[in-house]
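Participant: Next comes the sequence, and after it the predicted model I'd like to discuss.
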Amino acid sequence: MQPKAYVPGIAVLLAALLAGCTGSDASDDATDNRPGDTGATAPAAQPGRYRTLPEACGAVGHDSLDTLLPGIRQITDVEQRATAYEGEATLTYDTDRRVGCRWKVESATATDHLLVDFERVVSYDNAVSDDDAAQEIYAAKVEAADLPEPSPTASGSDATDATATAAPTATATADGSAGTEGTAGTGSGAEGVHPDGGTEDDLGDGTPSGGATPSASASGSASGSASDPAPDPTGATATPPSLQPRALDDLADSAFLDDELSTAHQRTVTVVFRTSNVIVTIEYAEQPTTMTDVPDSEEMQDRARNLAARLADSLDG
């Protein structure tokens, strides 16, 4: 027998089998396409506006640092002051994705800290844009901040309604009558009501006018003080509603502010904002030299917000 005579037949058989497999794959590919799909690759989601980040330690001007860090102008040594202005870059492994800088300056009355952080978000999912990915990260920061719900007394009408509801209840409980202090039922007239719940005549000899009893006046005073800021456990006055942690509607695409006061009276104001695919975080803290002093919330918030507005403008430029 001559075995070589069968080789061409085997080759033909293998070729037929391979051709069959190729046809099967093409058929499978056709059935995997979704209805209406032409087989073309879906377009990638839009990239973010920003491809680079600024140099963090150079992003804050000397005039802003003079305001945020008052002690920097008290440094007499020229070289030390220049070093204070320069700040210290935070550790990062990819300056195209994240950069930051921090400053710490002592003065006669306090030690001030400033941290500025820039994060550029890039989505690796073709179905998710860089902006949407950045928004997800920003939303997580908002959730972590645990911002309080807006106070119902923030608006004047709500505060008025709350006071009008509380005062009649306190008076009715005190004298057992259906009338309320300062109404036509008592004959004192609305114009005679004093802000503390009593009347103008109460300031003279302590005897309430219009037939109101001392207990009613006391109740009125208690209800009148309910809208005042509650004392802080640290001994400082609680932050007014207008300065509470909150969302900021006038900064970048989205922004919020947080304000915390520690038991050691160190106040930390944080402003976070997102513009396109970049998230900027500002942390501004002040620790008074004297433990009885408390940093002013409004002043620190104004400084931090002004810096945030400048950084947002520089990114847009």
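Facilitator: Now that the structure is in, tell me what you want to look at.

Participant: Break down the chain into its strands, ranges please.
Facilitator: In the chain, the segments counted as strands under DSSP state E are 88-89, 98-106, 110-120, 246-247, 254-261, 267-275, 278-288.

Participant: Could you save these as TSV and add columns showing mean neighbour count and mean pLDDT?
Facilitator: (Each C-beta comes from the backbone N, C-alpha and C, glycine too.) Putting the strands of the chain into TSV (neighbours: other CB atoms under 10 Å; pLDDT from 0 to 100) gives the following:
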stretch	mean neighbour count	mean pLDDT
strand 88-89	13	97
strand 98-106	19	97
strand 110-120	20	97
strand 246-247	16	94
strand 254-261	19	96
strand 267-275	23	98
strand 278-288	21	98
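
Participant: Turn these into JSON lines, columns for distance to residue 60.
Facilitator: Shown next, in JSON lines, are the strands of the chain (distance: least, CB to CB, whole Å):
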{"stretch": "strand 88-89", "distance to residue 60": "12"}
{"stretch": "strand 98-106", "distance to residue 60": "7"}
{"stretch": "strand 110-120", "distance to residue 60": "6"}
{"stretch": "strand 246-247", "distance to residue 60": "24"}
{"stretch": "strand 254-261", "distance to residue 60": "18"}
{"stretch": "strand 267-275", "distance to residue 60": "13"}
{"stretch": "strand 278-288", "distance to residue 60": "9"}
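
Participant: tell me, how many neighbours does the closest residue to residue 286 other than its chain neighbours end up with?
Facilitator: Nearest residue to residue 286, sequence neighbours excluded (CB to CB, 6 or more residues apart in numbering): residue 295, at 4.3 Å. Applying other CB atoms under 10 Å, we find 21 residues neighbouring residue 295.

Participant: so who does residue 295 touch?
Facilitator: Residue 295 is in contact with 110, 261, 265, 266, 267, 286, 288, counting by CB atoms under 8 Å, 6 or more residues apart in numbering.

Participant: now swap in residue 66 and tell me
Facilitator: Residue 66 neighbours (CB under 8 Å, 6+ apart): 72, 73.

Participant: Helices of the stretch 201-317 of the chain, residue ranges please.
Facilitator: Per DSSP state H, counting those that start in this stretch, the stretch 201-317 of the chain carries helices over the ranges 202-205, 214-224, 297-316.

Participant: what mean pLDDT would you report for the first one?
Facilitator: In this case it means helix 202-205. The average of the pLDDT scores along helix 202-205 is 42.

Participant: Point out where the stretch 151-300 of the chain drops to low pLDDT.
Facilitator: 151-239 (pLDDT under 70).

Participant: again, only this time at 90
Facilitator: Applying pLDDT under 90 to the stretch 151-300 of the chain picks out residues 151-242, 291.
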